[in-house]
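Chemist: how would this look folded up:
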Amino acid sequence: MGETGNFRIKRIYEPAEESDGVRVLVDRLWPRGISKERARLDEWMKDVAPSSALCAWFGHDPERFGEFRSRYEAELAEVRVRPCIGRLNAWAENGPVTLLYGARDERHNQAVVLLEYLTGQAAY
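Modeler: So this is what the prediction gives:
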């Protein structure tokens, strides 16, 4: 699990904990094998997730992650995503926010990029 300020990332398959604070799924699709009860979500933000086309292009290929990061950051800067970014930042002002994702790769996924975007600490 990664953590920066009040934002953190975590696989949705890991157990929910009180210290997670606000739990937000940042995947466009519901993760396989997870019940809504087990997920214990406060919000499912499909609009902050990468577009279906970008996900299909990326295909979780670590060699494409740099380009995926650039394209996803461009999507995050779009007007339609601003309300989601605003809500995430507002929640983080009051306590921890855990960005949940379903990918197996803990280093090459959208939650890593979103965490860096939200905290202004993108690694290039």
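Chemist: after the strand or helix carrying Ala56, next one along is what?
Modeler: Ala56 is part of helix 52-58, with elements assigned from DSSP states H and E. Per DSSP H and E, helix 52-58 leads on to helix 65-76 as the next helix or strand towards the C-terminus.
Chemist: buried ones in that next one?
Modeler: For helix 65-76, burial by neighbour count (16 or more other Cβ atoms under 10 Å) applies to Phe65, Phe68, Arg69, Arg71, Tyr72, Glu75, Leu76. Placement of C-beta: from N, CA and C, glycine included.
Chemist: ok, residues contacting the helix holding Ala56?
Modeler: Arg28, Ala49, Pro50, Arg64, Phe65, Phe68, Arg71, Tyr72, Glu75 (Cβ atoms under 8 Å, 6 or more residues apart in numbering).
Chemist: what is the nearest of those residues to Leu99?
Modeler: Leu99 has its nearest neighbour among the contacts of helix 52-58 in Ala49, at 10.3 Å by Cβ to Cβ.
Chemist: thought Arg28 was touching that closest one, still the case?
Modeler: Yes: here Ala49 reaches Arg28: they are 4.1 Å apart, a contact under Cβ atoms under 8 Å.
Chemist: comparing those two, which residue is more hemmed in?
Modeler: The neighbour count for Ala49 versus Arg28, taken as other Cβ atoms under 10 Å, is higher for Ala49 (23 against 17).
Chemist: flag the shaky bits of the protein, pLDDT-wise.
Modeler: Applying pLDDT under 70 to the chain flags the ranges 1-4, 121-124.
Chemist: can you tell me which residue sits nearest the middle of the chain?
Modeler: Ala111 (3.2 Å; Cα atoms, centre = their mean).
Chemist: just checking, it touches Val97?
Modeler: No: with contacts counted by Cβ under 8 Å, Ala111 stays clear of Val97, the gap being 11.4 Å.
Chemist: picking that back up, out of the contacts of helix 52-58, which comes closest to Arg11?
Modeler: Ala49 (15.1 Å).
Chemist: that closest one and Gly95, how far apart?
Modeler: Plainly put, Ala49 is 23 Å away from Gly95 if you go by Cβ to Cβ, to the nearest Å.
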